[in-house]
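# after the sequence you'll find the predicted model.
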Amino acid sequence: MTVNENGSGVSPGHRGTTRRQGNVGGGDRPSTIRDVAERAGVSVATVSRTLAGNYPVSAATRDRVMDAVRALHYVVNVHAKALSGRVAGPVALVLRDITGPSLAHVAAGVEQEASARGRLSLVCATHGDAERENELVRLMREQHAAAVVLVGGAVQDDAYFLRMADYARGLDAVGSRLVLVGRPALPGDLPVTVVDYDNRGGAFQAADHLFAQGHRRVLFLGGDPLLSTAVQRREGHLHALRAHDVPYTEELDVPGDYTRASGYRRTRDAVRAGLDFTAVVAGTDTVALGVLAALREAGLDVPGDVSLVGFDDVPFAADLSPSLTSVRVPYEDLGRTAVRMAMERTEGDGGDAHVVLSTQLVIRRSVRRPR
């Protein structure tokens, strides 16, 4: 961790970030490179060269410097070094909510790949606030982040495309890279990397599996009809209907939030209304949790009375009773691929600017043929 520096006239890449403990001169302030030099009996330049590792120093000198560093709890200000261009910038992950299980796995993938490449990773949440997103991207641009990774569905309107284009150009101007993960690609030739996954294909697989088992009345609990991910999953579901010559029924197409509470409420309302259905496609595994609760409350068995398919295949899906058939999204791979592609671009190694990862239906015990 770093804190603001005291004093002036000291190179920003070398001011310390912890309180002085037993250092020369005493006092409760951050240790500086001058304190280290004084304690080690060497020049400031020698300390700088020793810590940077870019200039030969004797073993004895290095030992004295490192002993002083440990005694004073001195830590180089990494953020200041990044601003001055002397250390690789961090990778920033910007998402709506850090508590969702699927997004947590994207974050894990980003952290793993960033760490493997010697980069810090930062995780920021917008809580659905566009102005908050603007501020975070601006801050990351000022911090010279190597890449800014934006994750999650978005409303595909003119305001979105204009805002993303502005992000892309602004980050590119400081040598950074905008990466969109699970977000709509941008038109035109803009400096942006897109890492997506096959939403449509995944939703098609979910419905196709149910129709192949003989189901015809399938309740589709989609997401917010304005969000790109929800639009794509609904398109995949409708494609499966057409492929199996199953008529579209409006009452079976129920949009809502990707939350457990929404899944519970929509299923409960469908049962109370006497809606005829033998299977449910839940827009996410979290929605599927609510579906299970509502069906059990109504005395209905899964899969005996109603079959159920989720989307995401988060870890708890296999531990439910019954274990949940679900569409697996490679969330960690999305995070790793986002960082890898961004680094290839910013480091001048070329690489693709747009990639789509595949999804896969994982068949478990929550589906059976209708009675």
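Thanks, I have it.
# run through the stretch 51-200 of the chain and note the low-pLDDT ranges.
For the stretch 51-200 of the chain, applying pLDDT under 70 flags the ranges 52-54, 76-88.
# mind jotting down where the helices sit in the stretch 101-250 of the chain?
101-116, 130-142, 158-173, 199-212, 228-243 (DSSP state H, counting those that start in this stretch).
# which neighbouring elements make contact with the third one?
Counting contacts by 3 or more CB pairs under 8 Å, 6 or more residues apart in numbering; DSSP states H and E, helix 158-173 packs against helix 130-142, strand 147-151, strand 178-181. All C-beta spots, glycine's among them, are computed from the backbone N, C-alpha and C.
# and the first one, by the same measure?
When contacts are defined as 3+ CB pairs under 8 Å, 6+ apart, helix 101-116 packs onto strand 91-95, strand 121-125, strand 147-151, helix 331-346.
# what comes into contact with the longest one?
Counting by CB atoms under 8 Å, 6 or more residues apart in numbering, helix 331-346 makes contact with 91, 93, 102-103, 105-114, 117, 119, 146-147, 149, 151, 175-177, 179, 181-182, 193, 195, 197, 312, 349-353, 355, 357, all of which sit outside it.
# ok, the third one next?
By CB under 8 Å, 6+ apart, the residues outside strand 147-151 that reach it are 91-96, 103, 106, 110, 133, 137, 140-141, 164, 167, 171, 176-183, 334-335, 338-339, 342-343, 346.
# show me which of the contacts of helix 331-346 are buried.
Buried residues within these, counting neighbours by 16 or more other CB atoms under 10 Å: 91, 93, 102-103, 105-107, 109-111, 113-114, 119, 146-147, 149, 151, 176-177, 179, 181-182, 193, 195, 197, 312, 353, 355, 357.
# quick one: closest of the helices and strands packed on helix 158-173 to Leu219.
strand 147-151 (28.4 Å; CB to CB).
# partner strands of that closest one, with direction?
Using DSSP bridges, the strands paired with strand 147-151 are strand 91-95 (parallel), strand 178-181 (parallel).
# dump that strand to CSV, keeping only the CA atoms.
Only the C-alpha atoms of strand 147-151 are listed here, as CSV (Å, rounded to 0.1, in the frame of the first residue of the first chain):
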residue,chain,number,x,y,z
ALA,A,147,-5.2,-1.6,-19.5
VAL,A,148,-8.8,-0.8,-18.4
VAL,A,149,-11.0,-3.9,-18.5
LEU,A,150,-14.8,-3.1,-18.5
VAL,A,151,-17.0,-6.1,-17.8
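# quick one, that strand and helix 130-142 angle?
For strand 147-151 against helix 130-142, the angle by axes from the mean of the first three to the mean of the last three CA atoms, to 10 degrees is 160 degrees.
# relative to Ala230, how far out is the residue lying closest to Phe161 once chain neighbours are set aside?
Once flanking residues are discounted, Phe161 sits nearest to Leu186: 6.1 Å by CB to CB, 6 or more residues apart in numbering. Using CB to CB, to the nearest Å, Leu186 is found at 20 Å from Ala230.
# again with Val174
34 Å.
# same check on Leu103?
16 Å.
# sorry, back to before: including distance to Gly201, could the helices and strands packed on helix 158-173 go into a markdown table?
Listed next are the helices and strands packed on helix 158-173 as a markdown table, based on distance: least, CB to CB, whole Å:
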| stretch | distance to Gly201 |
| --- | --- |
| helix 130-142 | 28 |
| strand 147-151 | 20 |
| strand 178-181 | 17 |
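# do you know which of these lies nearest Ser262?
Among the helices and strands packed on helix 158-173, strand 147-151 comes nearest to Ser262, with 20.7 Å by CB to CB.
# between the closest one and helix 331-346, how big is the angle?
Per the same axes, to 10 degrees, the angle that strand 147-151 makes with helix 331-346 is 150 degrees.
# next one: strand 147-151 to chain centre, how far?
8 Å (CA atoms, centre = their mean, to the nearest Å).
# orientation of it relative to helix 101-116 in degrees?
Using the same axes, to 10 degrees: strand 147-151 against helix 101-116 is 170 degrees.
# what angle do strand 147-151 and helix 158-173 make?
Using the same axes, to 10 degrees: strand 147-151 against helix 158-173 is 160 degrees.
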